[in-house]
Structure formats: C-alpha cells, structure tokens
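>>> make a model of this:
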Amino acid sequence: MISGSSKIIKKMGHARYLTMPIQAFREGEEFNPSTLPIRIDSRPRRTLAWTFFAIGGFFLFGLIMIYIETIYDLGNSEESWGRFMIFLTILVAALLFAGAMAWKRTDVLELKKERVRIERHGMFGTVSNQALLSEYQGIRASSRYIEDSEVTSGTTHWEIELVHNDPRLCILLFCKSRDEPSEYSANPEPGDRRDWTDHMNLLARQWSHELDLPLLNIEIGR
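Numbering: from 1, shown residues only. Below is the predicted model of the structure:
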C-alpha cells in the first residue's frame with residue numbers, strides 16, 4: 001500500500017530540491033481532467049541553464065583572449081593578468097557547473113485517479129514522493145494581482161492547485177497570467193476579469209468532480 005510519507009532515493013548522495021507546486025501541464029497546454037492518467041516530464045530550469053551557459057561562454061571567450069595575449073605579448077602582460085585569469089577561470093567553471101546543474105534538473109509527475117507520484121531529478125540525486133489521492137485536502141482556485149515595482153502595471157494570476165499538507169506533493173493543475181495596468185496608471189483601468197475567473201472556476205469544479213475531492217474555495221469574478 002502506498003504511504004503518504006515521502007520516500008528518498010539516493011543517487012550519488014542525498015539531494016533535496018525546491019519544493020514548489022509541480023505543473024500538471026506543459027507551457028501553452030491545458031489538461032482536461034478526463035485525460036487522466038497523465039505523465040509529465042519537464043525541465044523547469046532550462047531557461048536558467050541557458051542563461052548560465054551564455055554568461056559562462058562569454059567569460060570563457062574573454063579568458064581565451066587574455067591567454068592568447070599573454071602568450072604573444074613580449075611585455076609583462078602575463079604577470080599583470082595572472083591573478084585576474086585565475087579569478088576568471090574560477091568564475092567560468094562556477095557558471096558552467098551551475099548551468100549543468102540547472103540543465104540536469106528534471107521533474108516527473110504521474111497523476112492517476114488513485115495516486116500521485118512526483119520525482120525531482122538533479123545532478124546529485126533523486127527525490128521521490130508519492131501519496132494516495134484520497135490524502136489530498138482538495139482543489140483550490142485562486143487569483144491574485146501582483147503590482148510591478150514601477151506601480152504603473154502588474155500581473156493578474158489565475159491558478160488551480162491540488163492541495164496536500166506536504167508542499168512537495170502539491171500540484172498546479174491550471175495557471176494563467178495577464179499583464180494589466182494598475183489603478184495608478186494613466187492607461188485605461190483593467191477591463192472585466194471574469195473571463196478567466198469563470199473559466200478557472202469551471203475547470204476547478206471539473207477537477208473536483210473527476211478526482212472526487214472537495215472544492216476549498218471558489219472566487220467570484222470581478
């Protein structure tokens with residue numbers, strides 16, 4: 001019988017990864033509850049990995065240019081650039097290693113009508129958590145507006161989450177965001193937001209019915 005407690009699988013040591021809700025969908029997709037069971041393999045840090053690789057490659061190019069300069073320069077360039085080259089070498093190695101770690105990170109979700117299994121793979125190991133679906137609290141639908149630092153705009157987020165007491169087992173079933181001007185902006189005020197709120201509520205009810213779990217809350221469109 002599957003237990004709700006987490007199970008740790010060790011590979012090359014003990015590893016723990018960021019416990020944020022794992023997505024039950026891919027970017028640009030929306031899953032219907034009737035499509036269960038589903039399996040999603042995702043690389044949540046692929047963009048971050050490319051960023052590290054790009055910055056590391058830039059500094060690596062600079063390091064190569066400096067090295068060539070010290071070889072062919074007849075002056076004292078080698079002595080003057082020595083410490084800086086050591087620092088740059090360490091920086092390049094750190095950036096490339098961070099990029100490799102971010103690239104290696106993979107999340108796997110298996111969502112069935114009777115159980116859930118989540119695996120987070122990384123360079124130093126795998127963390128696996130699983131639970132019976134009956135152990136989940138329910139379905140939570142919520143929206144929030146986050147104002148940007150310029151105070152002239154912000155982003156409204158609509159989310160549906162499969163809620164568990166253990167944050168490592170929480171699952172994001174639906175997510176939609178939209179940039180909007182704030183009430184302090186000179187631009188027109190945000191229009192009617194009930195379009196995505198109503199859609200979120202409808203989808204939350206479908207998930208609740210399909211998984212036989214209670215609705216924790218439903219928001220009224222504004």
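>>> contacts only, for the most centrally placed residue in the chain.
Nearest to the geometric centre of the chain sits Pro44, at 4.6 Å (CA atoms, centre = their mean). Shown in contact with Pro44 (CB atoms under 8 Å, 6 or more residues apart in numbering): 23, 105, 107. Glycine gets a C-beta too; all of them are placed from N, C-alpha and C.
>>> can you put those in JSON lines and add neighbour count, distance to Phe174 and pLDDT?
Formatted as JSON lines, those follow (neighbours: other CB atoms under 10 Å; distance: CB to CB, whole Å; pLDDT from 0 to 100):
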{"residue": "Gln23", "neighbour count": "19", "distance to Phe174": "9", "pLDDT": "80"}
{"residue": "Arg105", "neighbour count": "20", "distance to Phe174": "23", "pLDDT": "85"}
{"residue": "Asp107", "neighbour count": "19", "distance to Phe174": "17", "pLDDT": "87"}
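>>> angles on the backbone of Val163, please.
The phi/psi pair for Val163 (degrees, to the nearest 10) reads phi -100, psi 130.
>>> same question, the one 4 residues further on
Dihedral pair for Pro167: phi -60, psi -20, per degrees, to the nearest 10.
>>> for Phe59, see how far away Tyr67 is.
12 Å (CB to CB, to the nearest Å).
>>> who has more neighbours, those two?
Phe59 (17 against 14; other CB atoms under 10 Å).
>>> so how far is Ile66 from Arg83?
On the measure of CB to CB, Arg83 and Ile66 end up 12 Å apart.
>>> neighbour count: the two, which is higher?
Ile66 (17 against 9).
>>> and the host helix or strand of the more buried one, what's buried?
For Ile66, the host element (DSSP states H and E) is helix 46-72. Neighbour-count burial for helix 46-72, counted by 16 or more other CB atoms under 10 Å, picks out 48-49, 52-53, 55-56, 59-60, 63, 66, 70.
>>> please apply the same query to stretch 110-117.
With burial defined by 16+ other CB under 10 Å, the residues of stretch 110-117 counted as buried are 111, 115-117.
>>> repeat that for stretch 24-43.
Under 16+ other CB under 10 Å, the buried positions of stretch 24-43 are 24-25, 31, 33, 36, 40, 42.
>>> the helix or strand encompassing Asp198 packs against which elements?
With secondary structure defined by DSSP H and E, Asp198 is part of helix 194-211. If you count contacts as 3 or more CB pairs under 8 Å, 6 or more residues apart in numbering; DSSP states H and E, helix 194-211 packs onto strand 138-147, strand 153-163, strand 171-181, strand 215-217.
>>> pLDDT averaged over it, what's the number?
Taken as a whole, helix 194-211 has an average pLDDT of 85.
>>> contacts for it?
So helix 194-211 is contacted by 30, 32-34, 36, 113, 133, 136, 138-141, 143, 156, 158-160, 162, 173-174, 176, 178, 213-215, 218-222 (CB under 8 Å, 6+ apart).
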